[in-house]
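J.: structure for this input, please:
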Amino acid sequence: MKSLFIENPLIAIFTVAAVGYLFGTLKIKGNGLGVSATLFVGLLFGAVVGDMEIPDVIFELGLVFFVYSIGLSSGPAFFKSVKKNGVRDILFISFMLAFAAMIAFGIAILMGFSGAELVGIYSGSSTNTPALASVIDHINLSYSPSVTREMVNEAVIAYSYTYPMGILGSMLAIIFMSYLFKIDFKNEQQDLKSLHPSVEDILSKTILVSSKFSGDKTLRELAKKYNWDVVFGRVKRENGDVLLMNWDLRIEEGDKIVVIGTAQEIEKITNHLGQITDNDPSYDREEYDVRGIFVSNADLVGRTISSLNLDQKFEVNVTRIRRGDQDMLAKGNTVLELGDRIRLVAKRDDISDISNYFGDSYYQSSRVNLFSFGFGIALGLMLGIIEFSLPMGIDFKLGFAGGPLIVGLIFGALYRTGPMVWTLPYSANVLLRQVGLILILAVIGLKSGSSFLDSFTLDVGLKLFLGGTIISLSTACLMLLVGYKLVKIPFSILMGIVSNQPAILDFAMERSGNNLPLVGYTIMFPISLILKVVFAQLLFLAYG
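T.: Numbering: from 1, shown residues only. Down below sits the predicted model:
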């Protein structure tokens, strides 16, 4: 059986993926590892089977798929967050990474590690392969072949021993600190819905207007005055007329208006207008009907609902949008994405034309534009191989992770350039992200399993493992403590900031039950990628 896996690495990878998925579904007191269980299954397989030769391109392909799809989906939230708190976040992340470098430097002195081993434990405990690669490149250019071989071996072994704990340490820190601070992730999600839409129930209620309205104010003026965060559907007048509501409508006493929003917002607007009634105009479908329609027309992707000027084309109100498992209110500034399912109320005679306008094809809304997808990744890879030079002779590259991520963030925020749509359909983005993550975790686990087992049997390995554990745990705990208590960064976003590896990010999202860690991850990754490369080389130069 061992020979089967050694001779056929693809069989080993997908066996690990399958078994890892099963273990990831197991929950203890509501907590599970999710897809990150693939890593630990991979470590077990790697320890049992032994060293395996897995082509690097498999890991690189998974990494590119993962970071590029993350960038596309997180681009808008990333730039919105940077615009709001950019200086704060950059300074905080820089300080924490500098602290991790100082801890690593101190541990190397206390435990007697070499300069190469110092770089290895720093890169491994922070799970940053480009940092290790940059120092190895420096070693190759600066030392004789015999010395180079010894230094490179020391760095790679230290990296292999500490990498698994770099992941596990951050996970343990997240669990411990979330219990210590008694984090309520649902409340955080609600508080941050302006930054990242919350996954919450959207209700539809009918309100009987019982307050004394003179009719001198339009719906737009009332919504602005009372800060109503809802969408309006139909209104039934006292004379029996049913109309679609618009912002120029003047509400009158006795109107029955359909309001769509969260329970909290509907309660607020009810307190202003009147009371909930069961006499719902939505049941009257003689003239108006309600439909769900897929957005598959690429010409509409990346455009806001208000820019479509639907009221000039049709008699229609778009009330909500379903993106994946998430329901959102359809507001004027909501940007449409391929695969969105919009819910609307419209005149029956217009529904066929509205359906054609949006496309309403599930097949078309699920397809990937291979030109924009391939071009975006190719551009990211080209950016990744460009070498940047800093003072003190430090050179670095963004690599297969940083280049595609940065391009993905930019293209995700742009949505489209002229006729070219850069974003992916929601379903395709999730699939590529999951496939990429599984490839990353399976390859790392299979390659590191043997070294991870040796770290418990060799004195040097145990010292390296202990050093990496101290760096990983202390850095993650301090970052969560300082970030949450002093800098006042929401804990869900902080979990993404400490998620310096996809497995940790997946664990953080599983624990929070939302996508907010993605915001922190996309803020942290480009900054930390560059700084870790710089700090790794500074550590080697200073310690050497």
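
J.: which residues of the stretch 201-350 of the chain score low on pLDDT?
T.: By pLDDT under 70, the weakly predicted segments of the stretch 201-350 of the chain are 201, 211-215, 280-284.

J.: just the strands in it please.
T.: 203-209, 231-236, 242-244, 256-261, 274-277, 288-294, 316-323, 326-329, 341-347 (DSSP state E, counting those that start in this stretch).

J.: as JSON lines, those with distance to residue 24 and mean neighbour count would be great.
T.: The C-beta positions use only the backbone N, C-alpha and C, and glycine is treated the same way. Formatted as JSON lines, the strands of the stretch 201-350 of the chain follow (distance: least, C-beta to C-beta, whole Å; neighbours: other C-beta atoms under 10 Å):
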{"stretch": "strand 203-209", "distance to residue 24": "33", "mean neighbour count": "19"}
{"stretch": "strand 231-236", "distance to residue 24": "38", "mean neighbour count": "23"}
{"stretch": "strand 242-244", "distance to residue 24": "47", "mean neighbour count": "17"}
{"stretch": "strand 256-261", "distance to residue 24": "35", "mean neighbour count": "22"}
{"stretch": "strand 274-277", "distance to residue 24": "43", "mean neighbour count": "14"}
{"stretch": "strand 288-294", "distance to residue 24": "31", "mean neighbour count": "17"}
{"stretch": "strand 316-323", "distance to residue 24": "24", "mean neighbour count": "21"}
{"stretch": "strand 326-329", "distance to residue 24": "22", "mean neighbour count": "18"}
{"stretch": "strand 341-347", "distance to residue 24": "28", "mean neighbour count": "21"}
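
J.: quick one: the ones you listed as a markdown table, columns for distance to residue 91 too.
T.: Compiled in a markdown table, those are given as follows (distance: least, C-beta to C-beta, whole Å):
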| stretch | distance to residue 91 |
| --- | --- |
| strand 203-209 | 42 |
| strand 231-236 | 39 |
| strand 242-244 | 50 |
| strand 256-261 | 38 |
| strand 274-277 | 49 |
| strand 288-294 | 44 |
| strand 316-323 | 33 |
| strand 326-329 | 32 |
| strand 341-347 | 41 |
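
J.: so which of those is nearest residue 87?
T.: With C-beta to C-beta, the closest approach to residue 87 among these belongs to strand 326-329: 29.8 Å.

J.: quick one: the closest one to chain centroid distance?
T.: Computed by C-alpha atoms, centre = their mean, to the nearest Å, the chain-centroid distance of strand 326-329 equals 18 Å.

J.: sheet partners, orientation included, of it?
T.: Here strand 326-329 is paired, per DSSP bridges, with strand 316-323 (antiparallel).

J.: if we can go back for a sec, so which of the strands of the stretch 201-350 of the chain is nearest residue 467?
T.: Nearest to residue 467 among the strands of the stretch 201-350 of the chain is strand 326-329 (42.4 Å), distances taken as C-beta to C-beta.

J.: still on that earlier bit, so which of the strands of the stretch 201-350 of the chain gets nearest residue 60?
T.: Checked against C-beta to C-beta, the stretch from the strands of the stretch 201-350 of the chain lying closest is strand 316-323, at 29.9 Å.

J.: C-alpha coordinates for that closest one, CSV please?
T.: Output in CSV follows, covering the C-alpha atoms of strand 316-323 (Å, rounded to 0.1, in the frame of the first residue of the first chain):
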residue,chain,number,x,y,z
VAL,A,316,-40.8,46.8,-11.2
ASN,A,317,-39.3,46.9,-7.7
VAL,A,318,-36.3,44.7,-6.9
THR,A,319,-36.6,43.9,-3.2
ARG,A,320,-33.8,41.5,-2.3
ILE,A,321,-30.9,39.5,-3.7
ARG,A,322,-29.8,36.0,-2.8
ARG,A,323,-26.0,35.4,-3.3
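
J.: quick one, that strand and strand 231-236 angle?
T.: Counting by axes from the mean of the first three to the mean of the last three C-alpha atoms, to 10 degrees, strand 316-323 lies at 140 degrees to strand 231-236.

J.: contacting residues around strand 316-323?
T.: 202, 204, 231-234, 244-246, 260, 292, 305, 310, 327-330, 334, 336-337, 339-347, 350, 354, 426 (C-beta atoms under 8 Å, 6 or more residues apart in numbering).

J.: what of stretch 67-79?
T.: 195-196, 335, 376-377, 380, 401-402, 404-414, 422-424, 429, 432-433, 436, 518-519, 521-523, 525.

J.: which of those are buried? Put it as a PyMOL command.
T.: Selecting the buried subset of those in PyMOL, with 16 or more other C-beta atoms under 10 Å as the burial test, is done by:
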select buried, resi 195+196+376+377+380+401+402+404+405+406+407+408+409+410+411+412+413+414+422+423+424+429+432+433+436+518+519+521+522+523+525
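
J.: in helices only, show me the contacts of stretch 67-79.
T.: Of the contacts of stretch 67-79, the ones assigned to helices by DSSP state H are 376-377, 380, 401-402, 404-414, 429, 432-433, 436, 518-519, 521-523, 525.

J.: tell me which stretches of the stretch 351-500 of the chain form helices.
T.: 351-358, 362-366, 370-385, 399-414, 426-454, 459-481, 491-497 (DSSP state H, counting those that start in this stretch).

J.: now do the buried residues in the shortest one.
T.: This means helix 362-366. For helix 362-366, the buried set under the neighbour-count rule, 16+ other C-beta under 10 Å, comprises 364-366.

J.: cool, and stretch 65-85?
T.: Of the residues in stretch 65-85, 65-79, 81-82, 85 count as buried by neighbour count, 16+ other C-beta under 10 Å.

J.: now do that stretch: distance to the chain's middle.
T.: Put simply, stretch 65-85 sits 8 Å off its chain's centre (C-alpha atoms, centre = their mean).
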